[in-house]
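[1] need a 3D model of the sequence below.
(2 chains)
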Amino acid sequence: MTETASQPIPEQPRRSLFQQLELDMRLLGMIGAFVILCIGFNIVTDGRFISPRNIFNLTIQTVSVAIMATGMVFVIVTRHIDLSVGALLATCSAVMAMTQTEILPHMLGLGLNHPATWAVTIVVGLACGTLIGAFQGWMVGYLTIPAFIVTLGGFLVWRNVAWYLTSGQTIGPLDSTFMMFGGINGTMGTFWSWVIGFGAVVLAVLALLSSRRAKVRHGFPVKPAWAEAAMAAIICAAILGFVGILNAYDIPSRRLERMFEARGEVMPEGFTSGYGLPISVLILIGVAVVMTVIARRTRLGRYIFATGGNPDAAELSGINTRWLTVKVFAIMGFLCALSAVVASARLANHSNDIGTLDELRVIAAAVIGGTALSGGFGTIYGAILGALIMQSLQSGMAMVGVDAPLQNIVVGSVLVLAVWIDILYRKRLGAK
Amino acid sequence: MKSAKDLRAEGATPLVEMKDISVAFGGVKAVDHVSVDLYPGEVVGLLGHNGAGKSTLIKVLSGAYKMDSGEIRVDGERVEINNPRDARALNIETIYQTLALADNLDATSNLFLGREMVTPLGLVNDAAMEAECRKIMGKLNPNFRKFNEPVSALSGGQRQSVAIARAVYFNARILIMDEPTAALGPHETQMVAELIQQLKAQGIGIFLIDHDVHAVMQLCDRASVMKNGELVGTVNIPDVTDDDLLSMIILGKKPASAAA
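    As a prediction, this is how the structure comes out:
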């Protein structure tokens, strides 16, 4: 590509450290706020907040909302809203609960804890969520009913479909394999967590290298090598630090004893083992990677952002914006079902109030994470960080012993404050 | 290559024929039984007051509106244009008055919107597209530098050049320009005029919507004038004066001397 010389690429004078690293200031701000929050709670709770045990719990509590928040980014970026995610989660959870406790064991005669139960259940649940999401998307896109109304209706409908399906009963216990997706009942153990951690480090470094090579090949400016290396080091340290913390949370010895008993063995004296990465967190990481790739590197993602920025322009550019709306809501539905797997598995049963108020938490997470309600702007990592900040606030206040009503007052105020700061930041940048 | 004038004299098949097109919004007839045509390498101006129906007529061709009656022929073949995708598939490209850019995306993403280059894995190939974008913009607007900023950060002229680049890059055969120089300074307007000459020489047919009679006199081969949704008439530019065109626009009268 030597012909690119027709358009010389200017060497921009770069001085500041942050510019050299090409870091996203908004991301830095959010991480900064999160770190301050954690340190603050840690001081007040005498070191209990930043303990392996609490960090472990915090991550598995965040997963369900964070998974849905990534989908909500797409919905909000295309200038829609989804108020039905909590109710949709309940319906998917109810369908899966009935599938694994009634239909498969009794009606189809597979019996309890059949090895195929969990897989069939999850496939049924994901299909159910995707279909309902697509149906809502069809009403928004093709019937042109505002998303606010469609999903407000869906909020009532799906909450009560769930109630109807289960007659309002709590359904449990769920399939034992299925429950491994909840968090504490399904972890990778120390060894495999390290394997996954190092695998992720290798992948991250390769991804950085290949993006640098692509830039060099086309003659675009790249960061100085030291900045690239520093970024890689920070990322690697973060991944391995996270794995290390989760591995440091030891499984209680009585629980270990029971695990050995279940296998018909006797636990050696003084044996300890960490939990490691929960499967649910791996699912969230997988969702984050896939959704980020969709947002940045696929046509679908490009069209989602283009439609959010200027729906008319997108339509005139030949994008089928109606079908795009169906896809966006179908993705949202799929992610609600995935969250339903994690949420019901974590509770070990399906309860009638599962997912209540999740729609508000999910929207708040996406918005705190920098998704603009006016459309066109938002990031997947921001939404996940937003979910983490919300959950940290909530559980931190619970640890400190703040009264329940005050907790919600604080969370609500933080939401408004965060959006205000975001607006100020955008104004200063001169962006929309 | 024969000139458009010769082709028309020979009775060759036009590149585009819009026959007896009608569009109504509610009870209002925005376009009332209008017929226009366009030959390869020809520039046809569409003139008229605001609300005369010229933009509506042309949006039927670009797929943004649906006509109520009439037919469109491309190369003599009857075609159905139900949406902008159909128009693009027929190599009909449009530069909209509003530019139709996604403000939150950068120039490259806008240039390739709807036609992204992809890697063998099916992922969008941003680096290749940016390299291509730099090449195209280098020819069209050598001063263009802001490749990595959202187009909302660009000046009017820069935005316009992105919209023009998008229309001409993908082998357009029929180009619709809706007031392409409205946001431009004199220098940039001159560049657009040169571009039109260049595209004409390549055999591209151009519909040019403009308010400015002088621009039409300068750039067009023929002009069709509309008033209140109806076609006043189509004239050969060399046969008419500025004043003839103005009286067609304002009074809706076709000069006796000119017929085409």
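
[2] show me what from the stretch 101-250 of chain B comes close to chain A.
    Residues of the stretch 101-250 of chain B that fall close to chain A, judged by Cβ under 8 Å from any Cβ of the partner chain: B:101-105, B:109-110, B:113-116, B:118, B:122-124, B:126-128, B:130-131, B:134-135, B:137-139, B:142, B:144-145, B:150, B:152-153. C-beta coordinates here come from the backbone N, C-alpha and C atoms, glycine included.

[3] and those, which are buried?
    The neighbour count (16 or more other Cβ atoms under 10 Å in any protein chain shown) marks B:101-105, B:109-110, B:113-114, B:116, B:123-124, B:126-128, B:130-131, B:134-135, B:137-138, B:144-145, B:150, B:152-153 as buried among those.

[4] where does the chain dip in pLDDT?
    Using chain A. Residues of chain A that meet the criterion pLDDT under 70 lie in A:1-23, A:429-432.

[5] chain B, not that one
    Ranges of chain B meeting pLDDT under 70: B:1-2, B:256-260.

[6] tell me where the stretch 201-350 of chain A has helices.
    Listed in chain order, the helices of the stretch 201-350 of chain A (DSSP state H, counting those that start in this stretch) span A:225-248, A:253-262, A:279-297, A:299-309, A:311-316, A:321-347.

[7] need those in JSON lines (columns: distance to residue A:180).
    JSON lines is the format used below for those (distance: least, Cβ to Cβ, whole Å):
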{"stretch": "helix A:225-248", "distance to residue A:180": "16"}
{"stretch": "helix A:253-262", "distance to residue A:180": "13"}
{"stretch": "helix A:279-297", "distance to residue A:180": "6"}
{"stretch": "helix A:299-309", "distance to residue A:180": "31"}
{"stretch": "helix A:311-316", "distance to residue A:180": "42"}
{"stretch": "helix A:321-347", "distance to residue A:180": "7"}
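
[8] out of these, which one sits most buried?
    Across the helices of the stretch 201-350 of chain A, the average number of neighbours (mean count of other Cβ atoms under 10 Å in any protein chain shown) peaks for helix A:321-347, which reaches a mean of 26.

[9] quick one, that helix and helix A:279-297 angle?
    For helix A:321-347 against helix A:279-297, the angle by axes from the mean of the first three to the mean of the last three Cα atoms, to 10 degrees is 160 degrees.

[10] what residues of the helix or strand that comes right after helix A:321-347 count as buried?
    Later in the chain than helix A:321-347, the nearest helix or strand by DSSP states H and E is helix A:358-368. By 16+ other Cβ under 10 Å, the buried positions in helix A:358-368 come out as A:358, A:359, A:361, A:362, A:363, A:364, A:365, A:366, A:367, A:368.

[11] among these, which one sits closest to residue A:297?
    residue A:366 (20.5 Å; Cβ to Cβ).

[12] ok, the closest one - contacts?
    Going by Cβ atoms under 8 Å, 6 or more residues apart in numbering or on different chains, residue A:366 touches A:69, A:72, A:73, A:76, A:378, A:382, A:383, A:386.

[13] mind listing the helices for chain B?
    In chain B, the helices defined using DSSP state H lie at B:4-10, B:54-62, B:84-89, B:107-111, B:126-140, B:156-169, B:186-201, B:213-219, B:242-251.

[14] tally of neighbours for residue A:150?
    Number of residues near residue A:150 (other Cβ atoms under 10 Å in any protein chain shown) recorded here: 24.

[15] same deal with residue B:176?
    By other Cβ under 10 Å, the residues close to residue B:176 number 26.

[16] with the one 5 residues further on instead?
    Using other Cβ under 10 Å, residue B:181 is surrounded by 21 other residues.

[17] list the contacts for it?
    Contact analysis of residue B:181 by Cβ under 8 Å, 6+ apart lists B:188, B:189, B:192, B:210, B:212, B:215.

[18] who touches the fifth one in this structure?
    Counting by Cβ under 8 Å, 6+ apart, residue B:212 makes contact with residue B:181.

[19] what about it, distance to chain A?
    Here the criterion is Cβ to the nearest Cβ, to the nearest Å. By it, residue B:212 lies 24 Å from chain A.

[20] swap in residue B:53?
    Distance from residue B:53 to chain A, counting by Cβ to the nearest Cβ: 19 Å.

[21] that residue touches residue B:31, doesn't it?
    Yes - counting by Cβ atoms under 8 Å, residue B:31 is a contact partner of residue B:53 at 4.6 Å.

[22] so what sits against both of those two?
    Residues touching both residue B:53 and residue B:31 comprise B:23, B:229, with contact defined as Cβ under 8 Å, 6+ apart.

[23] return the distance of stretch A:305-316 from the chain's centre.
    26 Å (Cα atoms, centre = their mean, to the nearest Å).

[24] next: stretch B:49-64.
    That offset, for stretch B:49-64, works out to 11 Å (Cα atoms, centre = their mean).

[25] what's the end-to-end length of that stretch?
    Using Cα to Cα, to the nearest Å, the span of stretch B:49-64 from its first residue to its last is 21 Å.

[26] same check on stretch B:117-133?
    11 Å.

[27] which residues does that stretch contact?
    By Cβ under 8 Å, 6+ apart, the surrounding residues in contact with stretch B:117-133 are A:1, A:4, A:214-215, A:217-220, A:293, A:297-299, A:302, B:107-109, B:111-112, B:116, B:147, B:165.

[28] circling back to that earlier point, so which of the helices of chain B is nearest residue A:263?
    In this view, the helices of chain B are compared for proximity to residue A:263 by Cβ to Cβ, and helix B:126-140 is the closest at 51.0 Å.

[29] now the angle from the closest one to helix A:299-309?
    Orientation check (the same axes, to 10 degrees): helix B:126-140 against helix A:299-309 gives 50 degrees.

[30] report the angle between helix B:126-140 and helix B:156-169.
    Per the same axes, to 10 degrees, the angle that helix B:126-140 makes with helix B:156-169 is 110 degrees.

[31] and helix B:126-140 with helix B:186-201, angle?
    With the same axes, to 10 degrees defining the directions, helix B:126-140 sits at 100 degrees from helix B:186-201.

[32] got a list of contacts for stretch B:225-235?
    By Cβ under 8 Å, 6+ apart, the list of residues contacting stretch B:225-235 reads B:29-36, B:44, B:46-49, B:52-54, B:57, B:222-224, B:244-245, B:248-249, B:252-255, B:258-260.

[33] one more time with 7 Å, if that's ok
    B:29-32, B:34-36, B:46-49, B:52-54, B:222-224, B:245, B:248-249, B:252, B:254, B:258, B:260 (Cβ atoms under 7 Å, 6 or more residues apart in numbering or on different chains).

[34] CSV for the helices of the stretch 201-350 of chain A, including distance to chain B?
    What follows is the helices of the stretch 201-350 of chain A, written out as CSV (distance: least, Cβ to the nearest Cβ, whole Å):
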stretch, distance to chain B
helix A:225-248, 16
helix A:253-262, 42
helix A:279-297, 4
helix A:299-309, 4
helix A:311-316, 4
helix A:321-347, 10
